[in-house]
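A.B. asks: coords below, sequence missing:
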Ligand SMILES: Nc1ncnc2c1ncn2[C@@H]1O[C@H](COP(=O)(O)OP(=O)(O)OP(=O)(O)O)[C@@H](O)[C@H]1O
Ligand SMILES: [Mg+2]
């Protein structure tokens, strides 16, 4: 039976149901809602006053097997605000915990509702979640709501990450609620529909491990293995294999972030997904000038989650994950501890290998030489000294078009360039092959901070979505130098430069 819809909106308008939500193509099969109750609370989204579509992701809808054609704007607004629920949805708020900047806290979906798991025509099982959907038992002192700007920010950057080929949750829709949320200022409210391989977080394991009855971690680990890594069921110790796999996926993910200059900004354990997808686009940003010490987040006072600290932060989170698995790794706890430590201590080397392989591709190095790290570091040092634009420097190298600027005139760079050319000449692959790989490994177009802020200001303050649509189109094919998007490749001027980003929660 469906739970009663909890509502605190008095003037809620009842939509005309001109369509059956099932006709949209939802095929829900809600396996998480079949886990025992401590993992979630059954609760519906709080209806909103006057929903309106801000943006719909038609391409994603199509790949999910959804038919948006039958939806009027009003239908879509009601559907993606949670005012109308598909019959087969089983809305829940998930329980989890997390270490936030190193301190443990009990959390849970305080402003999100998992509608259920949609099974795509290709057979993929994906979470459909509303973010900003109202109060839940986990809301603590929050209002359960989200402001439009941060939800559009998540939409833009998650879609850009996907286009870059980096594992990420996706954004299917943003609707405005017709309600105001109070932050420092009154802001328009919004709900984001997020699509994810799952929302199982390191923090979900931390939560399970702290439940009194010791069976819950096993239940969750069995579930996560079956859902994400079923091949591990064949291994001798699937829980140890799960630990190794999650470590591997995170090492790969964080390396990919660094390779495109991405800073997540809030790598708390509740923002690390077991699936290996990037999740929670709060104060994240791509850096323009290369500086390994870059920090954008307004709340990251000590740079814990700054650019160059991200692999260390990931390893710290993975140690928390490993701790939750200790009872499952071996019946002898000293042996379990050794296994966990070995796995977590292997992280830096795994990460370094992913990063190095990625950097080799960025420089067209098709084979391995021992001195490659030195070569790469020498370039990065030069870039740092000259405040070089991270994205454009690599793209210029890939295009063999070095502009007439300070970096490329520097004698240290000129010496480096000669070394690099000699290194390219030593490998058996042709230059054409190497430069093709470089083109495919160095994006030309990223959602630069100042362009994101401009798009969000236009949309959120003035209801003008043109800039955002243009930015989304520009970053949807990031490895192509499309001349019509040249302006999106230009780094910010001093006055355009964004130095701080905000969670907006
Ligand atoms: N306005 C709010 N009302 C209630 N709870 C909130 C609010 N904002 C954040 N929270 C909760 O605080 C916790 C930490 O917030 P954080 O910013 O990491 O997450 P989030 O951006 O809301 O969600 P997610 O990690 O799912 O993307 C989360 O459990 C979140 O649900
Ligand atoms: Mg979060």
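C.D. replies: Structure's in. What do you need? This structure is a prediction, so every number in the text was calculated from the model and none was measured. Ligands and ions are numbered 1, 2, ... in the order given.
A.B. asks: Show me what from the stretch 201-350 of the chain comes close to ligand 1.
C.D. replies: With the criterion set to C-beta under 6 Å from any ligand atom, the stretch 201-350 of the chain comes near ligand 1 through 266, 270, 271, 279, 280, 282. The C-beta positions use only the backbone N, C-alpha and C, and glycine is treated the same way.
A.B. asks: Which of these fall within strands?
C.D. replies: Of these, none are assigned to strands by DSSP state E.
A.B. asks: Give the partner strands of the longest strand along the chain in its sheet and their orientations.
C.D. replies: Secondary structure of the chain per DSSP E: the longest strand is strand 170-182. Applying DSSP bridges to the sheet, strand 170-182 is found paired with strand 52-56 (antiparallel), strand 186-196 (antiparallel).
A.B. asks: Of all those, which one is nearest ligand 1?
C.D. replies: Closest approach to ligand 1 among the strands paired with strand 170-182 (C-beta to the nearest ligand atom): strand 186-196, 7.4 Å.
A.B. asks: Could you show which parts of the stretch 1-150 of the chain are in contact with ligand 1?
C.D. replies: Counting by C-beta under 6 Å from any ligand atom, the stretch 1-150 of the chain sits next to ligand 1 at 107, 108, 109, 110, 111, 112, 139, 142, 143, 144, 145.
A.B. asks: Could you check the pLDDT of the first one?
C.D. replies: The reference is to residue 107. Confidence at residue 107, expressed as pLDDT, is 97.
A.B. asks: what's the most buried one of the strands paired with strand 170-182?
C.D. replies: Neighbour counts (mean count of other C-beta atoms under 10 Å) averaged over each of the strands paired with strand 170-182 peak at strand 186-196, with a mean of 24.
A.B. asks: how near is residue 372 to residue 41?
C.D. replies: Separation of residue 372 from residue 41 (C-beta to C-beta, to the nearest Å): 51 Å.
A.B. asks: for residue 401, that is, sorry about that
C.D. replies: Residue 401 is 56 Å from residue 41, by C-beta to C-beta.
A.B. asks: burial measure for residue 501, as a count.
C.D. replies: The number of residues packed near residue 501 is 24, by other C-beta atoms under 10 Å.
A.B. asks: Please name the bridge partners of it.
C.D. replies: residue 297.
A.B. asks: That one: what's it in contact with?
C.D. replies: By C-beta atoms under 8 Å, 6 or more residues apart in numbering, the contact list for residue 501 reads 265, 283, 284, 285, 296, 297, 298, 449.
A.B. asks: Now, of those, which are buried?
C.D. replies: 265, 283, 284, 285, 296, 297, 449 (16 or more other C-beta atoms under 10 Å).
A.B. asks: Now render those as TSV, adding distance to residue 127.
C.D. replies: Converted to TSV, the buried ones among the contacts of residue 501 look like this (distance: C-beta to C-beta, whole Å):
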residue	distance to residue 127
265	22
283	23
284	20
285	25
296	27
297	26
449	28
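A.B. asks: Minimum distance to ligand 2, which residue of the stretch 201-350 of the chain gives it?
C.D. replies: residue 280 (3.9 Å; C-beta to the ion).
A.B. asks: What separation is there between that residue and residue 45?
C.D. replies: 19 Å.
A.B. asks: More neighbours: which of these two?
C.D. replies: residue 45 (26 against 23).
A.B. asks: Surely residue 104 is within a strand?
C.D. replies: Yes: assessed with DSSP: H, G, I helix; E, B strand; the rest coil, residue 104 lies in a strand.
A.B. asks: Could you tell me how far the nearest residue to it once chain neighbours are set aside is located from residue 203?
C.D. replies: Nearest residue to residue 104 in three dimensions, chain neighbours excluded: residue 97, at 6.7 Å (C-beta to C-beta, 6 or more residues apart in numbering). Remark: distance between residue 97 and residue 203 (C-beta to C-beta) = 5 Å.
A.B. asks: Sweet, I'm off.
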